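Trainee: pasted the sequence and its predicted model underneath.
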Amino acid sequence: MPVFEKKPADRPRFPGEFYIGINPAGAASDPTKAYVAAVADAIEQLARDQVADDSANYPDNLLKDRNAARAAATTVLAADTDEFIAGRNALADTARVRQILGNYAAQIPKFGARPAAKPRFDGDFDVVRVPDHVPTKEEQLFLDAVAAATREMAADKAAESSKEFSQTSVATRHDIRLDIARTLIAAIEKLDGSGRDAAAAAEDAVLLRGRYQARRDRVIRRLFNVKFEKGPGKAVAATQAASLPGSAAGRAEKPGSDDGSGEDAAYAILDIRLLGGLPPPEDKASPEKIDLYGKINKTNTVIRAVCERLDERTSQKSGLALMFEGRNAKPAGQVRKLQAEFLEKLYGVAVIGLERDFVDVAQATLTETRNEFFALEAGRIKGAHSNGLALFAFFGSVVLMTAYAWIWLEFADSSVRYESWLYQHRNFLLAACGAAVGTWASFTVRQVQYTFDDLMMLEDRAIAPSMRILFVVILALATCLLFWTNAINIEIGDLKTKAQFFRESGSVALLIGLFCGLSERALATAIAGRAASFVKGVGGA
């Protein structure tokens, strides 16, 4: 019957715990009893460490590594115990047990890291040390190097709050700090407490800090500071007020719901600012960047103008006016979403072309962005403007023809109709009607190749359909007055524009109005030239 017997613990306090039992029927010498006691003491030490670790609230990685070190020591100790029971340690030497326990105590991890309780930057961490471990000189040098690196990264993070760094620069520096912090944490977790790797780790930490400084210094402040921000709708006014003069900024409310209304509406802001006091060569922009900056600013203005007019049209008009002017298929909230989408694209163009030096790529990307917006909105804008002209031309013609019919009927049987001022000037109403219809026809049938920059002109309030028709009608009436007063006369075949022909023939008046409307652009120049000649004549020039 064997004298010794190895058994698993009835209630193991750590994985793999066992004990050696002595058979009462067998005879155990004092040396063998001493070996059994040494194994029992080692098992007890491992159990105490397990209980202490479980209650210490160590970071997961540190606890995991300590458990692994304990499991490895238990496995080696169990193998040595098996050798002893098999009789291959006849002298019951306990030196091997002491060596196993000593290696375990030296190699079990003593350091770890957890997220900082009060983080100073993204990725900041606190170093965790096992309470009963006193750092060696080499380990303390390593810990000091880590602390110096994290202090510098925290100071860099605080400096970025001065808003002298662009959004892209801040994001790049953030990624650099995060990478360095992860590398430092990995180095901390590799320390096993033996002191063998601490000196090399201290040198690596110093080199890592230098590498961080080199990577950080490449992300310098730029002359162009590009930012793109999003936030709650209530912050729009405050953010807009904070915008500096001279900056190229665009704002778009971005909806949180389908219609973009309500408290959850959001905004998007593109802001391009110029920083002063930079060292050469960052203190001056190249001609290519100046040109790109102007194009981005102009593109931003066009997009904002188009989207704001579209938003006003879809949210304020209703009924017949909305039907004729062409309501966009997207709800008003999606209009603001469209604007925010293209502002974000402009942000990307500004980053690669102004902050960085890929101006050619930025120019090509900007062209594609403008073309995309033009393809999406040009047809809608022209259709809306054409429908608006049709609406006001139709109602204007109805009113004018109604007035003309009333005058005709009122004086049809009157012997004094030729003495009536209204009857004498009735054909002016036909000319105005022709001008209104001609204006709509001119815009509709003209095959004009619009460009991106023309979109803002079409959406501008100054040339709203109603004002455009009123403007042409007034110019047409001025032209008719020139014919009426015999200031000018035009003869084309049998067509004559003298006062008597204009007064007696409604067809002549209607045709004159149509011609004025169809040639609206040339009409403005012609009338302005006649007016200038008249004023010069008054002045004796």
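Mentor: Thanks, I have the structure now.
Trainee: give me the longest helix you can find in this structure.
Mentor: helix 359-410 (DSSP state H).
Trainee: moving C-terminal of that helix, what's the next helix or strand?
Mentor: helix 421-424 (DSSP states H and E).
Trainee: list the helices and strands that next one packs on?
Mentor: helix 359-410 (3 or more C-beta pairs under 8 Å, 6 or more residues apart in numbering; DSSP states H and E). Just so you know, the C-beta spots here come from the backbone N, C-alpha and C atoms, and that holds for glycine as well.
Trainee: now the helix it packs on: how far from the chain's centre is it?
Mentor: 32 Å (C-alpha atoms, centre = their mean, to the nearest Å).
Trainee: ok, now stretch 358-368?
Mentor: From the chain centre to the centre of stretch 358-368 is a distance of 18 Å (C-alpha atoms, centre = their mean).
Trainee: quick one: mean pLDDT for it?
Mentor: For stretch 358-368, mean pLDDT is 92.
Trainee: can I get that stretch in PDB, CA atoms only?
Mentor: The C-alpha coordinates for stretch 358-368 follow below in PDB (Å, rounded to 0.1, in the frame of the first residue of the first chain):
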ATOM      1  CA  PHE A 358      -3.900  67.700 -52.200                       C
ATOM      2  CA  VAL A 359      -5.300  70.800 -54.100                       C
ATOM      3  CA  ASP A 360      -5.700  69.000 -57.400                       C
ATOM      4  CA  VAL A 361      -7.700  66.200 -55.800                       C
ATOM      5  CA  ALA A 362      -9.800  68.700 -53.900                       C
ATOM      6  CA  GLN A 363     -10.500  70.700 -57.100                       C
ATOM      7  CA  ALA A 364     -11.700  67.600 -58.900                       C
ATOM      8  CA  THR A 365     -13.800  66.500 -55.900                       C
ATOM      9  CA  LEU A 366     -15.300  70.000 -55.700                       C
ATOM     10  CA  THR A 367     -16.300  69.900 -59.400                       C
ATOM     11  CA  GLU A 368     -18.000  66.500 -58.900                       C
END
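Trainee: returning to what we had before: what packs against the longest helix of the chain?
Mentor: By 3+ C-beta pairs under 8 Å, 6+ apart, helix 359-410 packs against helix 287-316, helix 319-325, helix 332-350, helix 421-424, helix 427-445, helix 454-459, helix 465-484.
Trainee: go with 7 Å
Mentor: Identification of packing neighbours for helix 359-410 by 3 or more C-beta pairs under 7 Å, 6 or more residues apart in numbering; DSSP states H and E yields helix 287-316, helix 319-325, helix 332-350, helix 427-445, helix 454-459, helix 465-484.
Trainee: how about the strands of the stretch 51-200 of the chain, start to end?
Mentor: For the stretch 51-200 of the chain, the strands defined by DSSP state E, counting those that start in this stretch cover 111-115, 125-129.
Trainee: okay, those, which one's buried deepest?
Mentor: Across the strands of the stretch 51-200 of the chain, averaging neighbours per residue (mean count of other C-beta atoms under 10 Å) puts strand 111-115 on top, at a mean of 20.
Trainee: helices of the stretch 1-150 of the chain, residue ranges please.
Mentor: Here the stretch 1-150 of the chain has its helices, by DSSP state H, counting those that start in this stretch, at 30-55, 60-85, 95-107, 137-160.
Trainee: buried stuff in the third one?
Mentor: So the one you mean is helix 95-107. Neighbour counts over helix 95-107 (16 or more other C-beta atoms under 10 Å) mark Arg96, Val97, Ile100, Leu101, Tyr104 as buried.
Trainee: my guess is Ala181 contacts Asp122, does it?
Mentor: No: assessed by C-beta atoms under 7 Å, Ala181 is found out of contact with Asp122, at 8.2 Å.
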